[in-house]
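In: Just to be clear, the model below is a prediction. Sequence and coordinates:
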Amino acid sequence: MKVAIASGKGGTGKTTLSTNLSSYMAESVPVVLADLDVEEPNSGLFIQGELIHQEDKFIKVPEWDDTNCTLCGKCQEVCNFNAVMKMGKMIMVFPELCHGCYACSELCPAGSLPMVPKKMGVLKSFRSGNLSFIESKLDIGVEQAVPLISQTIHYLDENFTEETIQIIDSPPGTSCPVIEVVKESDLVILITEPTPFGLHDLKLAVDTVRQLGKPFAVVINRHGIGDNNVEKYCEEEGIEIIAMIPNDRKIAETYSRGELLYPTIPGVKEAIKNVVTYIESAGQGIK
Amino acid sequence: MKIVFTAKGTDMSVAMDPRFGRTEYFVIFDEESKTVESFDNRAIEKEAHGAGPRTAQKLSEYGAQVLITGNGPGGNAAAVLKTLGLEIYVGAGTMTVQEAYDAYKSGSLTKA
């Protein structure tokens, strides 16, 4: 079962929740933690494990071969991203803009745009007892996160059973990278902070998850700051708040040392237990 | 010589648009005939990706030899402009089109 830990706003505690939740659950059952925030993965700061596998990941992008090209311009017409462009007597390809959809290549009547592999990042797999940790990281300068996210989810599906709890540390926001993660997940936990910014972006995230038709619930982090408008909103919308992580200086200090929180901070452990209860009961419903 | 400016409007009196890819208009000034043409590029707002090369491609239809803009084109647009053999001058983002032309003639703009 894939559980996406997501948020509209960045910096609300996705990594805090993902790493603590997966480590806590791994004390009793096998768990996979996957960091799919491939533009800036940071779960690895909190998880130490043995590196058991590493592979380069490639996106395929078109490359112009002028041999049989008739300059018909079909490639340019079908590209939604201006990644292929006819300029006078040549076809220009902009690999950074390419989403790897194959349309220009497949629809070229002359076969003049063969797809060639281009390295986009690295996938690493670590193991520590019951906990498997998968991290994918985009190379510097690569603009498209979605192809790497998609290939990493494929890796999860090939290497772990559907019954295994898979906790996914998602990218922030509500754009394509998050959607790629959420659409492949069975359950979504939205973590937010009780501030006007937190609420604003939570609403965007709720809209997104609802459109994708996924069951979800909310965790409030840094409870005690801001106001109670997130709670009011959730009540009005009938959204379950499954846990609250208190605002505590000790949490920030422990986090800044790269340590997990639940072993030493009771308020976090209690919140994590509540999240586990939710995942277990939701898991029954999904099966 | 045909000179193209990234601009906020359609004649020589309007403010320059400092952006290249997402410029609102082009103003094209023909030094020989002293005529001014313009192109409305505002449709580019709808393009989420690749505004630079798209705009550069549009520009290619005007057969200009010089481009005067503000911030300068990004990498993808620059690749297209290179194939057109355009001379590019930057740093005119806060001027009017006329001022940018005068600055170009007096040699005070930076060549990109």
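Out: Cool, got the structure.

In: C-alpha only now, for contacts and for neighbours.
Out: OK.

In: now the helices: where do they sit in chain B?
Out: For chain B, helices defined by DSSP state H occupy the ranges B:51-59, B:75-84, B:97-105.

In: highest average neighbour count across those helices?
Out: Using mean count of other Cα atoms under 10 Å in any protein chain shown, the stretch among those with the largest mean neighbour count is helix B:51-59, at a mean of 21.

In: hmm, that helix touching chain A?
Out: Yes - contact of helix B:51-59 with chain A (Cα under 8 Å from any Cα of the partner chain) involves B:51, B:53-54, B:57.

In: so the worst-scoring helix or strand of chain B on mean pLDDT versus helix B:51-59, what angle?
Out: Lowest on mean pLDDT, DSSP states H and E among the helices and strands of chain B sits helix B:75-84, with a mean of 86. Following axes from the mean of the first three to the mean of the last three Cα atoms, to 10 degrees, one obtains 20 degrees for the angle between helix B:75-84 and helix B:51-59.

In: Whether helix B:75-84 contacts chain A - can you check?
Out: Yes - using Cα under 8 Å from any Cα, helix B:75-84 comes into contact with chain A via B:76, B:80.

In: What helices and strands are in contact with that helix?
Out: Other helices and strands packing on helix B:75-84, by 3 or more Cα pairs under 8 Å, 6 or more residues apart in numbering or on different chains; DSSP states H and E, are helix B:51-59.

In: Can you say which helix or strand has A:Ile189 in it?
Out: Assigned by DSSP states H and E, A:Ile189 falls within strand A:187-192.

In: For the following helix or strand past that strand, could you pull out the residues that count as buried?
Out: Counting by DSSP H and E, the next helix or strand C-terminal to strand A:187-192 is helix A:196-211. Using 16 or more other Cα atoms under 10 Å in any protein chain shown as the test for burial, helix A:196-211 gives A:198-199, A:201-206, A:208-209.

In: can you tell me which two in these are farthest apart?
Out: Greatest spacing in the buried residues of helix A:196-211, by Cα to Cα: A:Gly198 and A:Val209 (16.1 Å).

In: With pLDDT and distance to A:Ile189 added, can I get the buried residues of helix A:196-211 in TSV?
Out: Formatted as TSV, those follow (pLDDT from 0 to 100; distance: Cα to Cα, whole Å):
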residue	pLDDT	distance to A:Ile189
A:Gly198	96	15
A:Leu199	97	15
A:Asp201	96	14
A:Leu202	97	11
A:Lys203	97	13
A:Leu204	97	14
A:Ala205	97	10
A:Val206	98	10
A:Thr208	96	13
A:Val209	97	10
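
In: before we move on, back to that, what's next to the least confident helix or strand of chain B, contact-wise?
Out: For helix B:75-84, contacts defined as Cα atoms under 8 Å, 6 or more residues apart in numbering or on different chains pick out A:87, A:92, A:94, B:21, B:50, B:52-57, B:60.

In: cool, and stretch A:77-87?
Out: So stretch A:77-87 is contacted by A:71, A:73, A:75-76, A:91-99, A:103-104, B:47-51, B:53-54, B:57, B:80 (Cα under 8 Å, 6+ apart).

In: Sort out which of the residues you listed are buried, if you could.
Out: A:71, A:73, A:75-76, A:91-95, A:97-99, A:103-104, B:49-51, B:53-54, B:57, B:80.

In: Next up, the contacts around the residue nearest the centre of chain A.
Out: Centroid check for chain A by Cα atoms, centre = their mean gives A:Ser170 as the closest residue, at 2.7 Å. Listed by Cα under 8 Å, 6+ apart, the contact set of A:Ser170 reads A:4-6, A:14, A:35-37, A:178, A:181.

In: quick check, nearest of these to chain B?
Out: Checking the contacts of A:Ser170 against chain B with Cα to the nearest Cα, the nearest one is A:Val178 at 17.4 Å.

In: List the contacts of that closest one.
Out: By Cα under 8 Å, 6+ apart, A:Val178 lies in contact with A:6, A:170-172.

In: Which positions within the strand or helix carrying it qualify as buried?
Out: Using DSSP H and E, A:Val178 maps to helix A:176-182. Across helix A:176-182, burial judged by 16+ other Cα under 10 Å covers A:177-182.

In: re earlier: most surrounded residue in the contacts of A:Val178?
Out: Each of the contacts of A:Val178 was scored for neighbours by other Cα atoms under 10 Å in any protein chain shown, and A:Ala6 scores highest at 32 neighbours.

In: Who does that one form a beta bridge with?
Out: Bridge pairing for A:Ala6 (DSSP bridges) gives the partners A:Leu190.

In: so it sits right up against A:Pro172, yeah?
Out: Yes - using Cα atoms under 8 Å, A:Ala6 makes contact with A:Pro172 at a distance of 6.6 Å.

In: Check the buried residues of helix A:196-211 one by one and keep those near chain B.
Out: Okay, of the buried residues of helix A:196-211, nothing touches chain B (Cα under 8 Å from any Cα).

In: Which pair of the contacts of A:Ser170 spans the longest distance?
Out: Using Cα to Cα, the contacts of A:Ser170 reach their maximum pairwise distance at A:Lys14 and A:Val181, which is 13.5 Å.

In: for the nearest residue to B:Gln65 once chain neighbours are set aside, what are its contacts?
Out: Nearest residue to B:Gln65, sequence neighbours excluded (Cα to Cα, 6 or more residues apart in numbering or on different chains): B:Leu86, at 5.1 Å. By Cα under 8 Å, 6+ apart, B:Leu86 lies in contact with B:64-67.

In: cool, B:Phe29 as well?
Out: Under the criterion of Cα under 8 Å, 6+ apart, the contact list for B:Phe29 reads B:2-4, B:35-37.

In: Enumerate the beta-bridge partners assigned to it.
Out: Beta-bridge pairing for B:Phe29 (DSSP bridges): B:Ile3, B:Val36.

In: tell me the pLDDT at it?
Out: pLDDT recorded at B:Phe29 is 96.

In: ok, now A:Met87?
Out: With respect to pLDDT, A:Met87 scores 86.

In: Bridging across strands, which residues link to it?
Out: A:Met87 has the following beta-bridge partners by DSSP bridges: A:Met90.

In: Pull the number of nearby residues for it.
Out: By other Cα under 10 Å, the residues close to A:Met87 number 19.

In: what's the distance between it and A:Trp64?
Out: 12 Å (Cα to Cα, to the nearest Å).
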